[in-house]
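S.K.: Model the structure of this input:
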Amino acid sequence: MIHLNKKVLTALAMVASVAIYSSAQAGEYEGKWLLKDTDGTPFEAIFKGDGTASGTHGKSMKHGFWKEDADGITIKWDTGWTTRITKQNNQYVKLAFKPGASVNDKPTNKSDAIKEN
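M.R.: Numbering: from 1, shown residues only. Presented below is the predicted three-dimensional model:
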């Protein structure tokens with residue numbers, strides 16, 4: 001039988017707490033979302049727990065990666081576009097930035113973001 005000292009047990013408990021908190025936080029943005037493109041046309045985006053993103057956009061499929069930060073998530077699409085989803089008051093907002101633009105620039109597009117599941 002393995003005997004663990006108090007420091008090891010405390011460290012393991014902290015790691016478990018962080019893992020549970022992280023997965024709970026990530027769950028806010030994981031899943032399927034309804035967004036609108038710069039023309040106002042709706043499309044779906046899916047954010048998976050492994051950090052990958054995919055989305056229908058017209059007849060094409062977009063792929064990319066997303067990362068959560070203190071204010072929401074940032075999605076870097078393989079098309080060069082960047083999307084930010086943040087929570088403002090009681091609703092989510094999508095900001096889109098054209099290729100070459102920074103998320104600190106004025107967004108190219110702004111629309112509601114609705115989580116579908």
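S.K.: Where does the closest residue to residue 114 other than its chain neighbours fall, secondary structure wise?
M.R.: Nearest residue to residue 114 in three dimensions, chain neighbours excluded: residue 34, at 4.4 Å (CB to CB, 6 or more residues apart in numbering). For glycine as for every other residue, the C-beta is placed from the backbone atoms N, C-alpha and C. Taking DSSP states H and E as the definition, residue 34 sits inside strand 31-36.
S.K.: So which residue is dead centre in this structure?
M.R.: Most central in the chain under CA atoms, centre = their mean is residue 73, positioned 3.9 Å from the mean C-alpha point.
S.K.: Secondary structure class of residue 80, three-state.
M.R.: For residue 80, the assignment made with DSSP: H, G, I helix; E, B strand; the rest coil gives coil.
S.K.: My error: substitute residue 104 in the last question.
M.R.: Look at residue 104: counting by three-state DSSP, its state is coil.
S.K.: Any idea how many residues pack against it?
M.R.: By other CB atoms under 10 Å, the residues close to residue 104 number 6.
S.K.: how close does residue 27 sit to residue 88?
M.R.: Between residue 27 and residue 88 the distance is 19 Å, computed by CB to CB, to the nearest Å.
S.K.: Cheers, nothing more for now.
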